[in-house]
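Visitor: structure for this input, please:
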Amino acid sequence: MQYFEVILENGHIGAGNSYEAKRYIAGTDILSVISKVKFLPRIKKRHTIEAVKSIKQITRKEYLRGKIESLKHPHLFRVWDGYRCPICGERFRDIFSFRRHVEKYGAHLAHAI
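Guide: Numbers count the residues shown, from 1 in each chain. Predicted coordinates:
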């Protein structure tokens, strides 16, 4: 298993407007990471490779740190009916229960580093 830091063009803030976001993805190679990117929420131009600005291979330690840091930004995990945990996939209707849920992973992952 390899770990990658991917910088993506995120959208849904108007035509021609976007922002860049870092995502941390595990995969067997770069092609598997690109195929996973297409199914992430908020990605601009999801049907093409143009949403990917850069892909960089990183260590497991950097991957875990990035995942913990990304948990602090719940808007990255917003789905139509609430929030989805990036670790276990469980869905939550409100941000308070989502934050309470990911805090336990933050504590566990912090000890793994």
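Visitor: what's the mean pLDDT across stretch 71-84?
Guide: Averaging pLDDT along stretch 71-84 gives 71.
Visitor: can you give me the end-to-end span of it?
Guide: Using CA to CA, to the nearest Å, the end-to-end distance of stretch 71-84 comes out at 11 Å.
Visitor: how close does the residue sitting nearest the centre point of the chain get to residue 34?
Guide: Taking CA atoms, centre = their mean, the centroid of the chain lies closest to residue 23, which sits 4.3 Å from it. Relative to residue 34, residue 23 is positioned 12 Å away (CB to CB, to the nearest Å). From N, CA and C alone the C-beta is placed, and that goes for glycine too.
Visitor: got the buried residues for the helix or strand encompassing residue 68?
Guide: Assigned by DSSP states H and E, residue 68 falls within helix 60-70. Using 16 or more other CB atoms under 10 Å as the test for burial, helix 60-70 gives 62-68, 70.
Visitor: low-confidence ranges, this protein, go.
Guide: Residues of the chain that meet the criterion pLDDT under 70 lie in 12-14, 45-48, 74-80, 106-113.
Visitor: show me where it has its helices.
Guide: Listed in chain order, the helices of the chain (DSSP state H) span 30-37, 60-70, 95-112.
Visitor: distance to residue 88 added to those, as a markdown table?
Guide: Shown next, in a markdown table, are these (distance: least, CB to CB, whole Å):
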| stretch | distance to residue 88 |
| --- | --- |
| helix 30-37 | 17 |
| helix 60-70 | 13 |
| helix 95-112 | 8 |
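Visitor: relative to residue 85, which of those helices is closest?
Guide: Closest to residue 85 of the helices of the chain, according to CB to CB: helix 95-112, at 6.0 Å.
Visitor: how far does the helix holding residue 68 sit from the chain's center?
Guide: Centroid displacement of helix 60-70 relative to its chain, using CA atoms, centre = their mean, to the nearest Å, is 11 Å.
Visitor: would you mind giving the domain segments of this structure?
Guide: The chain breaks down into these domains under automatic domain parsing: 1-58, 63-113.
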